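need a structure here:
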Amino acid sequence: MRFWLCLLLLQTGIAFAQVTEPPATPTSLATIPVSARIREITFAGNKTTQPKTMLREISLKVGDVADPDQLERSRQAIQDLDLFKSVTVREEPMPDGVRVVFVVKEKFFLLPYPRLSANVDGQYSYGAQLEWNNLRGLNHSLEITASQSDANRDGYGKQTNYEASYYAPFIADSNQNLSLSLSRSATPRNNTLTGDPYKENQVAAQALLTRTFSTTAASQGWTVGGGVYYQHEDRNGLGAAPPYGEATALVGTAEYRDLHLKIYSEEGTLFTLRTEHAINGLVSDYGYTKIRAGYDRYIPVGEVPHQTIQLSSSFGAGFNGPQQVEPFSLGGGAGLRGYRRYTFEGNSFYFASATYQRPVGWDWLRVVAGIEAGNVAQSANSVLFQDISADVLLGLRLRISWFINLEFEAGWAIPLDGSSKGRFFGGRH
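The predicted structure follows:
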């Protein structure tokens, strides 16, 4: 079956590169003498990835005792970079100690592919995306997307979107990270009162500088920082109302990562927090405040490899800003997949889900069953006191380990309030 998947990916235009298998089979860590000292640390199989990208993740140093537990933690830390299909470690005897060799099998780092999604509500999108990971072997990433989408909403036409982002961790071998993004969208619309057409254009740009604080692997632990987020909206046409104008917000971010990748599953915790604050008159035509937080916990269960329970929750609140703008929504891929996209919109929300995942036949194919619940309200003061919407879902997830973060899902979700018999969901997860 994997052969046919490979053939299908080739036909959709995904570029592959020939990979040479790394030499030698790793020696069991149990054979490493606990008293042996590490005299050299080397890597094999890394055609693109620079050694320093992996070295900063491991706690081992030349001169340390070759402790099997430490070697396994370092092996896992390299695997957590999500750059490799597999990571093993072996030891080679030297006259005065051992040489530690980490053997990696790199993933494919260049992924151009078509984007196509649709649902039973007549909403669809199509386009193309380019993902280029591990640039220069430093784990930098570039993403470019061009797409058109139809939300099948009254007064809205097909939206054209262009997006680009670049992320550079540990710039100049420091603990500083740089994130840049730029997006532009154009949406044909109709005036809700007169029916006259007009076009809405939006441009957004962001620059963030963060710092990672870690006592273990460099990419784990806390990452905090901030930057600037700029957005501009204008309208033109017979039915156009006055535009919102522009806003320049100060951004604060925090992330805690204790997340370990098992190739076809995850284990650990991820917490994210983001705040935006713009002041009217300070390079802004309006002021606003926006807060969003998320938490994910991945728990292995039982003896079956890659059998997990995922617990997720998120919360958001927006204050002030243009009255016509509702910054949060639930329904469809945004959460509550048993409901139509944009079913719930407002200035605050909360969402929680629990999903069970278990391999079926192969590690890379898992059945997923879960429950989702959440609510959206017009103010943060009322979001907790309104009715909760919920659904149950059942589907499949397919993870392709040759590429970074490439997983697809498809299934059926049923609202618990009986509002419909359910909806199909599918796409990249």
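
low-scoring stretches of this structure, by residue?
1-35, 118-121, 323-326, 380-385 (pLDDT under 70).

Domains of it: list them as residue ranges, please.
13-106, 110-428 (automatic domain parsing).

And the lengthiest helix in the chain, how far out from the chain middle?
Ranked by residue count and defined by DSSP state H, the top helix of the chain is helix 68-79. Remark: helix 68-79 is offset 24 Å from the chain centroid, using CA atoms, centre = their mean, to the nearest Å.

Likewise for stretch 419-429?
20 Å.

which other residues reach that stretch?
Outside of stretch 419-429, the residues within contact range by CB atoms under 8 Å, 6 or more residues apart in numbering are 117, 119-121, 332-333, 337-340, 393, 395, 397, 406-415. C-betas here are computed from N, CA, C, even on glycine.

Kindly check the end-to-end length of it for me.
25 Å (CA to CA, to the nearest Å).

Just the CA atoms of the longest helix of the chain, as CSV, please.
Output in CSV follows, covering the C-alpha atoms of helix 68-79 (Å, rounded to 0.1, in the frame of the first residue of the first chain):
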residue,chain,number,x,y,z
PRO,A,68,22.9,4.6,28.2
ASP,A,69,20.0,6.8,29.6
GLN,A,70,21.8,10.0,28.6
LEU,A,71,22.5,8.6,25.1
GLU,A,72,18.8,7.7,24.7
ARG,A,73,17.7,11.1,25.8
SER,A,74,20.0,12.7,23.3
ARG,A,75,18.8,10.4,20.5
GLN,A,76,15.2,11.4,21.3
ALA,A,77,16.1,15.1,21.4
ILE,A,78,17.5,14.9,17.9
GLN,A,79,14.4,13.0,16.7
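
Can you name the secondary structure element that comes next after the host helix or strand of Ala249?
Taking DSSP states H and E as the definition, Ala249 sits inside strand 245-261. As assigned by DSSP H and E, the chain's next helix or strand after strand 245-261 is strand 266-278.

What subset of the contacts of stretch 419-429 is buried?
Buried subset of the contacts of stretch 419-429 (neighbour count, 16 or more other CB atoms under 10 Å): 117, 119, 121, 332, 337-340, 393, 395, 397, 406, 409, 411-415.

List the ones among those residues that fall in helices.
Under the assignment DSSP H, these contribute nothing to helices.

on that earlier part again, what comes into contact with the longest helix of the chain?
Applying CB under 8 Å, 6+ apart, the set of residues contacting helix 68-79 from outside is 29-30, 32, 34, 54, 57-60, 64, 84, 86-89, 91, 100, 102, 104, 216-217, 219-220, 260-261, 263.

Report the separation between the closest residue to Phe271 other than its chain neighbours and Gly97.
Excluding the flanking residues, the one nearest Phe271 by CB to CB, 6 or more residues apart in numbering is Tyr256, at 4.3 Å. Separation of Tyr256 from Gly97 (CB to CB, to the nearest Å): 36 Å.

same deal with Gly361?
Computed as CB to CB, the Gly361 to Gly97 distance reads 45 Å.

So which of those two has more stuff around it?
Gly97 (20 against 9; other CB atoms under 10 Å).

what bridges to that one?
Judged by DSSP bridges, the bridge partners of Gly97 are Met94.

which residues are in contact with stretch 150-168?
121-125, 127, 138, 140-149, 177-192, 341-342.

How far off centre is stretch 255-274?
Distance of stretch 255-274 from the chain centroid (CA atoms, centre = their mean) equals 11 Å.

what's the answer for stretch 364-382, then?
On CA atoms, centre = their mean, the centre of stretch 364-382 falls 17 Å from that of its chain.

list the buried ones in it?
For stretch 364-382, by 16+ other CB under 10 Å, it's Trp364, Arg366, Val368, Gly370, Glu372, Ala373, Gly374, Asn375, Val376, Ala377, Ala380.

for stretch 103-119, same thing?
Neighbour count says stretch 103-119 has 103-111, 113, 115, 117, 119 buried, by 16+ other CB under 10 Å.

Now tabulate these in CSV and tack on distance to Tyr166 and secondary structure.
As requested, the buried residues of stretch 103-119 are exported to CSV (distance: CB to CB, whole Å; DSSP: H, G, I helix; E, B strand; the rest coil):
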residue, distance to Tyr166, secondary structure
Val103, 30, strand
Val104, 24, strand
Lys105, 26, strand
Glu106, 21, strand
Lys107, 19, coil
Phe108, 19, strand
Phe109, 15, coil
Leu110, 15, strand
Leu111, 16, strand
Tyr113, 19, strand
Arg115, 19, strand
Ser117, 25, strand
Asn119, 31, coil
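
ok, the residue nearest to Phe271 touching Val224?
No - using CB atoms under 8 Å, Tyr256 is not in contact with Val224, being 9.4 Å away.

and these two? which has more neighbours close in?
Per other CB under 10 Å, whichever of Tyr256 and Val224 has more neighbours is Tyr256, with 17 against 14.

OK, contacts around that one?
Here Tyr256 is in contact with Gly221, Trp222, Thr223, Thr269, Leu270, Phe271 (CB under 8 Å, 6+ apart).

Asp387: neighbouring residues, count only.
When neighbours are counted by other CB under 10 Å, Asp387 registers 7.

mind checking the SS state of it?
Three-state call for Asp387 (DSSP: H, G, I helix; E, B strand; the rest coil): coil.

if I look at Ala410, how far off is Gly426?
Separation of Ala410 from Gly426 (CB to CB) stands at 4 Å.

again with Ala151
From Ala151 to Gly426 the distance is 17 Å (CB to CB).

Mind telling me what element Leu238 is part of?
Here Leu238 is assigned to no helix or strand, by DSSP H and E.

Next, the contact list for the closest residue in space to it that isn't next to it in sequence, please.
Using CB to CB, 6+ apart and skipping the chain neighbours, the partner closest in space to Leu238 is Asp196 (4.4 Å). Contact analysis of Asp196 by CB under 8 Å, 6+ apart lists Asn190, Gly237, Leu238, Gly239.

Could you turn the buried ones of those residues into a PyMOL selection?
PyMOL command restricting the contacts of Asp196 to the buried ones, with burial defined by 16+ other CB under 10 Å:
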select buried, resi 190+239
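
Are we agreed that Lys52 is in a helix?
Yes - using three-state DSSP, the assignment for Lys52 is a helix.

ok, now which ones touch it?
Asp173.

Can we start the residue count at 59 from this point?
Shifting the count to begin at 59 puts that one at Lys110.

Output the buried residues of stretch 161-177 in TSV, with distance to Ala262 appended to each entry.
Below are the buried residues of stretch 161-177 laid out as TSV (distance: CB to CB, whole Å):
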residue	distance to Ala262
Val161	43
Val162	37
Lys163	38
Glu164	33
Lys165	30
Phe166	30
Phe167	27
Leu168	26
Leu169	24
Tyr171	24
Arg173	20
Ser175	22
Asn177	26
